[in-house]
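J.: build me a model:
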Amino acid sequence: TRPANTPADRALRDFLDHRPNVGVMTAAHRGQWRKAPENSLAAVRAGFADGAEIVEVDVRLTKDKVPVLMHDATVDRTTNGTGRVADLTHAQLRGLRLRAGLGGRQAAVTGERIPTLAEAMQASRTLGLVNLDQAWKDREAVWRVLEETGTVRNGLFKSKAPVPEVREFLGRHRNALYMHLVDDANAESVAEFGKSRPPAFEVVFDDVRDRVAQPAFLQGLRATGRVWFNTMRNDYAARFTDEASLVAPARGWGGLIAGYGATILQTDNVETLRSYLTKGVADPVPPGAVRVQAENYAPGGAGVAYHDTDTGNRGDGPGRRGDHVDVCDHDGAVVVCWMRGAEWITYGVDVPKDGHYTLKARASSPYAPAGTYRIAYDGGRPGKAVQVANTTAHYAFALQDSHDPRHLTRGRHTVRVSLDAGVFQNWNLDYLQLEPVRP
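T.: Numbers count the residues shown, from 1 in each chain. Sure thing, here's the model as predicted:
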């Protein structure tokens with residue numbers, strides 16, 4: 001038996017608590033992949049360490065029927081190997097190494113191995129709950145692992161299977177934790193559960209007009225359990241996303257909590273969500289710093305405010321009418337995108353006081369190297385080349401320091417970011433941030 005009153009015990013009590021004023025729980029999507037490879041033991045532990053009560057993992061069976069953590073059908077994206085999980089033995093998978101973050105062929109190979117579900121559950125036993133995604137089809141094999149590891153009350157099954165199928169499984173496994181996924185296609189399944197509803201429903205809607213997004217429907221769910229929303233991508237909760245939350249919480253987490261009754265949020269931004277839930281602030285500007293969103297570049301048009309090598313806005317975001325700057329919307333992050341060599345863009349910043357400042361860029365790219373840029377202040381000469389780091393996905397943003405500090409006086413300044421010509425460039429810029437540093 002595990003020690004009493006562990007974080008896992010508290011998470012279970014919270015998960016089963018559906019009183020009106022319960023706190024919002026945090027679920028870490030594929031673990032804390034910003035600090036370790038997705039679906040790795042390190043990512044599971046880091047998710048709990050950073051405040052998540054629930055960590056989501058993906059489960060698949062190897063050729064020899066061992067449940068392991070892997071999102072894709074193949075190991076190609078997240079490891080240094082190739083092939084289908086179902087065609088490889090557990091021993092073969094153990095010989096592979098996971099790639100950093102969200103993976104990709106240019107992501108760094110780490111020392112982390114593909115964990116078994118048993119290893120992940122043992123690691124989570126006292127730490128919190130584990131959302132077992134993609135596990136329903138192999139639920140009996142997964143159940144055996146939970147029994148063998150003493151983690152039956154840690155593992156959270158979920159599906160949108162027919163209600164009789166769910167009832168049959170839960171009838172044979174009385175202590176199983178279960179959450180039902182609902183969207184407009186199976187909204188009627190809620191009523192089919194009758195008075196024996198699961199303790200939580202995961203709600204997916206891509207339009208605020210969807211039936212499952214209506215107040216009466218959600219209030220009905222909330223009356224008997226918790227309501228779970230995913231905020232990683234646009235289509236999971238009608239653009240109420242992590243990235244939108246960082247700009248304005250009412251467009252993301254805050255909106256889902258206040259307007260849709262959310263009591264569990266699954267996120268790719270664990271620490272930031274915890275900050276919002278505990279302090280009411282999502283992505284604060286550090287004291288003395290200045291932030292400017294990439295799409296808010298200086299006025300003046302081509303040749304004055306920017307130089308872009310192609311015509312029009314190649315992105316899908318709200319570009320400035322008549323300008324040719326490429327602007328994309330990456331799940332709520334409005335960014336300058338389609339970066340190419342020899343392009344440049346200028347920003348106006350108001351420096352609060354004299355001092356030394358370093359420029360940081362919140363950027364993303366699945367490539368390595370992703371590109372290089374140089375900084376020029378107030379029409380001066382560009383500084384040293386700054387390399388943009390691989391973040392393992394176009395939508396995985398990270399704040400990267402240029403390490404090119406300058407002394408700036410109080411008042412208005414211009415900052416020009418120019419991309420080196422003749423160098424591969426493929427990255428996205430969310431915002432620039434000038435932060436004070438010691439000389």
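J.: all helices of the stretch 151-300 of the chain, in order?
T.: With DSSP state H, counting those that start in this stretch as the criterion, the stretch 151-300 of the chain has helices at 163-172, 189-192, 215-222, 242-247, 253-260, 270-279.
J.: which ones are touching residue 148?
T.: residue 118 (CB atoms under 8 Å, 6 or more residues apart in numbering). Using the backbone N, CA and C atoms, a C-beta is placed for each residue, glycine as well.
J.: can you tell me the SS state at it?
T.: Here residue 148 is helix, with the state taken from DSSP: H, G, I helix; E, B strand; the rest coil.
J.: do you know how far it is from residue 81?
T.: 27 Å (CB to CB, to the nearest Å).
J.: contacts only, for residue 192.
T.: Taking CB under 8 Å, 6+ apart, one finds residue 163 in contact with residue 192.
J.: which pLDDT value belongs to the nearest residue to residue 302 once chain neighbours are set aside?
T.: Leaving aside its chain neighbours, residue 302 sits nearest to residue 324 (6.3 Å; criterion: CB to CB, 6 or more residues apart in numbering). Note on residue 324: pLDDT of 96.
J.: residue 324 contacts residue 303, correct?
T.: No - contact criterion CB atoms under 8 Å: residue 324 and residue 303 do not qualify, at 10.8 Å.
J.: higher neighbour count, those two?
T.: residue 324 (17 against 7; other CB atoms under 10 Å).
J.: can you tell me how far that one sits from residue 165?
T.: For residue 324 relative to residue 165 (CB to CB), the value is 54 Å.
J.: also residue 24?
T.: 30 Å.
J.: compare neighbour counts for the two and give me the winner.
T.: residue 24 (18 against 12).
J.: surely that one and residue 277 touch.
T.: Yes - here residue 24 reaches residue 277: they are 5.6 Å apart, a contact under CB under 8 Å.
J.: for the chain, which residue occupies the most central location?
T.: residue 268 (1.9 Å; CA atoms, centre = their mean).
J.: dihedrals phi and psi, that residue?
T.: phi -100, psi 0 (degrees, to the nearest 10).
J.: in contact with it, which residues?
T.: With CB under 8 Å, 6+ apart, residue 268 has these contacts: 29, 33-34, 231-232, 242, 396.
J.: am I right that residue 26 is in a strand?
T.: Yes - according to three-state DSSP, residue 26 belongs to a strand.
J.: show me what contacts it?
T.: 51-54, 264-265, 267, 270, 273-274, 277.
J.: can you dump the C-alpha coordinates of stretch 238-255 into CSV?
T.: Presented in CSV, the C-alpha positions along stretch 238-255 are these (Å, rounded to 0.1, in the frame of the first residue of the first chain):
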residue,chain,number,x,y,z
ALA,A,238,-13.3,26.3,-30.3
ARG,A,239,-10.1,28.3,-30.2
PHE,A,240,-10.0,28.6,-26.4
THR,A,241,-6.3,27.7,-26.4
ASP,A,242,-3.2,27.8,-24.3
GLU,A,243,-1.6,30.4,-26.7
ALA,A,244,-4.8,32.6,-26.6
SER,A,245,-4.7,32.4,-22.8
LEU,A,246,-1.2,33.9,-22.7
VAL,A,247,-2.4,37.0,-24.6
ALA,A,248,-5.8,37.3,-22.8
PRO,A,249,-6.9,34.6,-20.4
ALA,A,250,-10.6,35.4,-21.2
ARG,A,251,-9.9,34.0,-24.7
GLY,A,252,-8.7,30.7,-23.3
TRP,A,253,-8.5,29.2,-19.8
GLY,A,254,-10.5,32.0,-18.1
GLY,A,255,-13.2,31.8,-20.7
